[in-house]
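In: no sequence for this one, just the structure:
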Ligand code: DGL
């Protein structure tokens, strides 16, 4: 029995890690499409096609429920896949909604009309494709009014993290935070709208300063998944847990082991 977790590469491991801590009894089958990462510089149709293929691989591996632990894939593909109709008994969930519910202080499934919330100035850090999609602002507008969102497309950051070049990644975080601050000098909250970015969370927090509340998705998505599995205990699927990659399994295993500080062994997808 395994729940599928998908990302373009290593970023979804931040979600997997939180989900494993929150749900130690649940098995997970992870798929990183490292051969095609980063997704954030691709157009929406391209991301959609790659996401459909990856989700199919996880369904073929026995998963019934797949989490798109990738904002770029969630923005480009989630609604389109759901509206296009999923095979019987299969479900796909994304990572935006738990984050926005936390930001707007809503509980799961609270579909009441949009209302004023405490936070008024929000900085969104995400990939160029996620920023271009405006999916975050759309989901937010369903739930809150009067929130000013300034988005910063963090070009180059996913590549640097995928390559394990943390010195470059740190420099890029600082320059993207500077660029954001030129547009919004005093954000109250910052959203790490890419699952790779929690690997740099401390750098974001240091660059933003202690007065800015930084939201990242791992724990929020894990909590929401726990809630979902209580309501849908039959969605844990069949199949075996493990780690799959479309990239070079040895290289990806080394990087994943470094990030999670425990041995992770990927196999070819
Ligand atoms: N982790 C993906 C996300 O959350 C990274 C996208 C990419 O590959 O650029 O958007």
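Out: Sure thing, it's come through. Values in this document were obtained by computation on a predicted structure and should not be read as measured data.
In: Give me every residue in the stretch 151-269 of the chain lying close to the ligand.
Out: 158, 194, 195, 196 (Cβ under 6 Å from any ligand atom). For the C-beta atoms, the positions are set from N, CA and C on the backbone; glycine is no exception.
In: Tell me which two of these sit farthest apart.
Out: Spatial extent of these (Cβ to Cβ) is set by the pair 158 and 195 at 9.6 Å.
In: Quick one: which of the residues of the stretch 151-269 of the chain next to the ligand is the most crowded by neighbours?
Out: Taking other Cβ atoms under 10 Å as the neighbour criterion, residue 194 ranks highest of these with 33 neighbours.
In: Spell out, range by range, the strands that occur in the stretch 1-150 of the chain.
Out: Taking DSSP state E, counting those that start in this stretch to define them, one finds strands in the stretch 1-150 of the chain at 3-7, 28-32, 65-68, 91-93, 115-116, 121-126, 144-145, 148-153.
In: Turn the ones you listed into CSV, including mean neighbour count.
Out: Formatted as CSV, these follow (neighbours: other Cβ atoms under 10 Å):
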stretch, mean neighbour count
strand 3-7, 28
strand 28-32, 26
strand 65-68, 27
strand 91-93, 20
strand 115-116, 11
strand 121-126, 24
strand 144-145, 17
strand 148-153, 18
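In: Residue 242 is nearest to which of the ones you listed?
Out: Taking Cβ to Cβ, strand 28-32 is the member of these nearest to residue 242, at 5.7 Å.
In: picking up where we left off before, overlap of the contact sets of residue 158 and residue 195?
Out: Shared contacts of residue 158 and residue 195 (Cβ atoms under 8 Å, 6 or more residues apart in numbering): residue 11.
In: follow-up on the earlier one: of the strands of the stretch 1-150 of the chain, give the one that comes closest to residue 41.
Out: Each of the strands of the stretch 1-150 of the chain has some distance to residue 41 by Cβ to Cβ; the shortest is strand 148-153, at 9.8 Å.
In: now for the next helix or strand after that closest one, which elements pack on it?
Out: Toward the C-terminus, strand 148-153 is succeeded by helix 157-162 as the next helix or strand (DSSP states H and E). Using 3 or more Cβ pairs under 8 Å, 6 or more residues apart in numbering; DSSP states H and E, the elements in contact with helix 157-162 are helix 166-183.
In: ok, back up a step: now, the residues of the stretch 151-269 of the chain next to the ligand that are in helices?
Out: Using DSSP state H, residue 158 are the members of those that sit in helices.
In: Save the residues of the stretch 151-269 of the chain next to the ligand as TSV, and put in distance to residue 95 and pLDDT too.
Out: Listed next are those as TSV, based on distance: Cβ to Cβ, whole Å; pLDDT from 0 to 100:
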residue	distance to residue 95	pLDDT
158	15	95
194	10	96
195	7	95
196	12	95
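In: Show the end-to-end separation of stretch 30-47, please.
Out: Stretch 30-47 has its terminal residues 18 Å apart, counting by Cα to Cα, to the nearest Å.
In: With stretch 107-120 instead?
Out: Stretch 107-120 stretches 19 Å from its first residue to its last (Cα to Cα).
In: what about it, distance to the chain center?
Out: Using Cα atoms, centre = their mean, to the nearest Å, the distance from the centre of stretch 107-120 to the centre of the chain it belongs to is 21 Å.
In: Buried ones in it, by neighbour count?
Out: Using 16 or more other Cβ atoms under 10 Å as the test for burial, stretch 107-120 gives 117, 119.
In: Begin at 454, not 1, for the rest of this chat.
Out: Noted, 454 is the first residue going forward, which turns the last one into stretch 560-573.
In: Please enumerate residues in contact with it?
Out: With contact meaning Cβ under 8 Å, 6+ apart, stretch 560-573 is reached by 551, 554, 556-558, 594-601, 641-642, 666, 677, 680.
In: rewinding a little: for the strands of the stretch 454-603 of the chain, give me JSON lines that also has mean pLDDT and distance to residue 717.
Out: JSON lines is the format used below for the strands of the stretch 454-603 of the chain (pLDDT from 0 to 100; distance: least, Cβ to Cβ, whole Å):
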{"stretch": "strand 456-460", "mean pLDDT": "97", "distance to residue 717": "13"}
{"stretch": "strand 481-485", "mean pLDDT": "97", "distance to residue 717": "9"}
{"stretch": "strand 518-521", "mean pLDDT": "96", "distance to residue 717": "18"}
{"stretch": "strand 544-546", "mean pLDDT": "95", "distance to residue 717": "23"}
{"stretch": "strand 568-569", "mean pLDDT": "91", "distance to residue 717": "42"}
{"stretch": "strand 574-579", "mean pLDDT": "98", "distance to residue 717": "25"}
{"stretch": "strand 597-598", "mean pLDDT": "94", "distance to residue 717": "37"}
{"stretch": "strand 601-606", "mean pLDDT": "98", "distance to residue 717": "29"}
